[in-house]
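**Q** Give me a model of this one.
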Amino acid sequence: MQVHFIAIGGSAMHNLAIALSRKGYKVTGSDDEIVEPSKSRLDLEGILPLEIGWNEANIHSDLDAVILGMHAREDNIELLKAKELSIPIYSYPEYLYEQSKNKIRIVIGGSHGKTTITSMLLHVTKKLGVNVDYMVGAQLDGYDCMVKLTDDAEFMVLEGDEYLSSPIDRRPKFHLYSPNVALISGIAWDHINVFPTFENYCEQFDTFCSLITPDGLLIYNEEDVNVLALGNKYAGSLKTIPYKTPLFTPTHEGTLMEFNGHKFPLKIFGAHNLQNLVGAMYLAQSMGISNQDFLSAMNDFTGAGKRLQKVVDSDRFTMFKDFAHSPSKLKATTAAIKQQYPTRKVVACMELHTFSSLKKEFLSHYKDTMLAADDAIVYFNPDVVAHKKLASITCEDVIVGFGGNVIVFDNSTNFLTYIYNIDWNDTVLLLMSSGNFDGIDYKLLGDELIEKLG
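**A** As a prediction, this is how the structure comes out:
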């Protein structure tokens, strides 16, 4: 098989390209920009394009398929040539379905928690020796590629993103997987540039449920009112399993979780994480893994990449980074830290970085989301707002949106100066962003703050 990737440098696209190359496919690709880590990883596999840019000569009749990434435009010269030659053109999710249509497809959907639940399931299947193919949307420790495709795995585990599939396919990615087993972790309005109303956003999850195979299973978070409504709606036509946050007790090492009369020690903490864990447990159950074996195998799981990741830790200061950017995740993550460290001062910092979060009309959705923190700080870069072609926002706009309980900075130097001047003794610092606060070296910052304590 010969496959060509248009926009091979994307975080998802380059992982699929590597997976297909390892499967024995002849893989080529192109892009107008390829940055790290995609560049080095493609080079290591021997599939890094020799030249940067688009070239019609890359498209020829020997190709079995072209895979089109979101980064490309509709008028891309390679795309037009592929159409002219009638070469089959697939979006990233369409091709994943092609690779898994004869497998049992397990799709994890939801506005938040998808990567964590997927990584929990992969942790257990790997530990118990269950062979699965997979696609997960973030780099996980212990994996050198976030897509695995084989001919012999019975199961395909897919993180189900609701964003658009390609420049010429405006369907959400998770509408293309036709799951045998599906999970919805929660629904909180996101991608408002694509889904202009919350009702329209919710409709995407309704459609997702309608595309589950007729004999399929829907696992859903009954503590989310919008998800519960879908669970009730589809209970008559599908097998359904609701889940909720289990009983648990914070410990110095993490959590002691109670389930079916047994207690299981875990390294993760926070109600949101424990809720995700129960959802992952029922996914594993659908694969024939017992609840007992699943929970026992989770005893050394420390979290998904960039999700409540401990950066530095001492007896006087601890620092975490987290991918939280949506209001619901921001609230859950801040509350989890305070619950885990009730006697310490918690300083929570959040960077507005996504299209939704930087839109003035959306700021009110963040009201009271950081109340669990002792000190709450919000940072945004006006240049990022301008780059996304959004109307400018002010520090006062952000203060009003968050409910007035935050300190706001729109200059990274002033933000870092403020951070360095805090007394960090007996304190936890939580940095939350889908970006990186304009280039902060998290480990260096944490080490410097510990050094300041002496």
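**Q** what residue lies at the spatial centre of the chain?
**A** Centroid check for the chain by CA atoms, centre = their mean gives T115 as the closest residue, at 4.4 Å.
**Q** That one and M135 touch, don't they?
**A** No - checked against CB atoms under 8 Å, the pair T115 and M135 is beyond contact range at 11.1 Å. All C-beta atoms are positioned from the backbone trio N, CA, C, and that covers glycine.
**Q** Now for the two: what residues contact both?
**A** Common contact partners of T115 and M135 (CB atoms under 8 Å, 6 or more residues apart in numbering): E159.
**Q** what about the strands in the stretch 301-450 of the chain?
**A** Along the stretch 301-450 of the chain, the segments classed as strands by DSSP state E, counting those that start in this stretch run 309-313, 317-322, 345-351, 375-379, 407-409, 427-432.
**Q** for the third one, packing partners?
**A** In this case it means strand 345-351. Contact here means 3 or more CB pairs under 8 Å, 6 or more residues apart in numbering; DSSP states H and E; on that basis strand 345-351 packs against helix 327-340, strand 375-379, strand 427-432.
**Q** Show me which positions of stretch 121-137 end up buried.
**A** 121-125, 127, 130, 132-137 (16 or more other CB atoms under 10 Å).
**Q** right, I mislabeled it, should have said stretch 40-51
**A** R41, L42, E45, I47, L48, P49.
**Q** Secondary structure of the residue nearest to the centre of the chain: a helix, I assume?
**A** Yes - counting by DSSP: H, G, I helix; E, B strand; the rest coil, T115 is part of a helix.
**Q** Am I right that G446 is in contact with V312?
**A** Yes - judged on CB under 8 Å, G446 makes contact with V312 at a distance of 3.4 Å.
**Q** the more surrounded of those two?
**A** The residue with more neighbours, out of G446 and V312, is G446; 23 against 18, by other CB atoms under 10 Å.
**Q** Please tell me the pLDDT value assigned to D190.
**A** Note for D190: predicted pLDDT of 80.
**Q** In TSV, list the strands of the stretch 301-450 of the chain along with distance to Y220 and mean pLDDT.
**A** Listed next are the strands of the stretch 301-450 of the chain as TSV, based on distance: least, CB to CB, whole Å; pLDDT from 0 to 100:
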stretch	distance to Y220	mean pLDDT
strand 309-313	27	91
strand 317-322	24	94
strand 345-351	28	97
strand 375-379	31	97
strand 407-409	36	97
strand 427-432	26	97
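**Q** Now distance to Y163 too, for those strands, in CSV please.
**A** Output for those, formatted as CSV (distance: least, CB to CB, whole Å):
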stretch, distance to Y163
strand 309-313, 23
strand 317-322, 20
strand 345-351, 20
strand 375-379, 25
strand 407-409, 28
strand 427-432, 20
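**Q** circling back: give me the common contacts of G446 and V312.
**A** Between them, G446 and V312 share the contacting residues M319, judged by CB under 8 Å, 6+ apart.
**Q** Would you mind giving the secondary structure of E159?
**A** Assignment for E159 (three-state DSSP): strand.
**Q** Isn't it up against V147?
**A** No - between E159 and V147 there is no contact under CB under 8 Å: 10.4 Å.
**Q** Need the overlap of contacts for the two.
**A** Among the neighbours of E159, those also in contact with V147 (CB under 8 Å, 6+ apart) are M135.
**Q** before we move on, the earlier item: can you tell which of the strands of the stretch 301-450 of the chain is closest to L20?
**A** With CB to CB as the criterion, L20 lies closest to strand 309-313 of the strands of the stretch 301-450 of the chain, at 29.7 Å.
**Q** neighbouring contacts of that closest one?
**A** For strand 309-313, contacts defined as CB under 8 Å, 6+ apart pick out 302-303, 318-322, 442-443, 446-447, 449-450.
**Q** ok, of those, which come out buried?
**A** Buried among the contacts of strand 309-313 by 16+ other CB under 10 Å: G303, T318, M319, F320, K321, D322, Y442, G446, L449, I450.
**Q** Quick check, the last one in contact with D315.
**A** Right, I450. No - counting by CB under 8 Å, I450 sits too far from D315 to count as a contact (10.3 Å).
**Q** which residues touch stretch 241-248?
**A** Under the contact criterion CB under 8 Å, 6+ apart, stretch 241-248 has outside partners 217-223, 228, 231, 255-259, 271, 274-275, 277-279, 281-282.
**Q** Low-confidence bits of the stretch 201-350 of the chain, can you list those?
**A** Applying pLDDT under 70 to the stretch 201-350 of the chain picks out residues 305-306.
**Q** now the helices: where do they sit in it?
**A** For the stretch 201-350 of the chain, the helices defined by DSSP state H, counting those that start in this stretch cover 225-234, 271-286, 291-297, 327-340.
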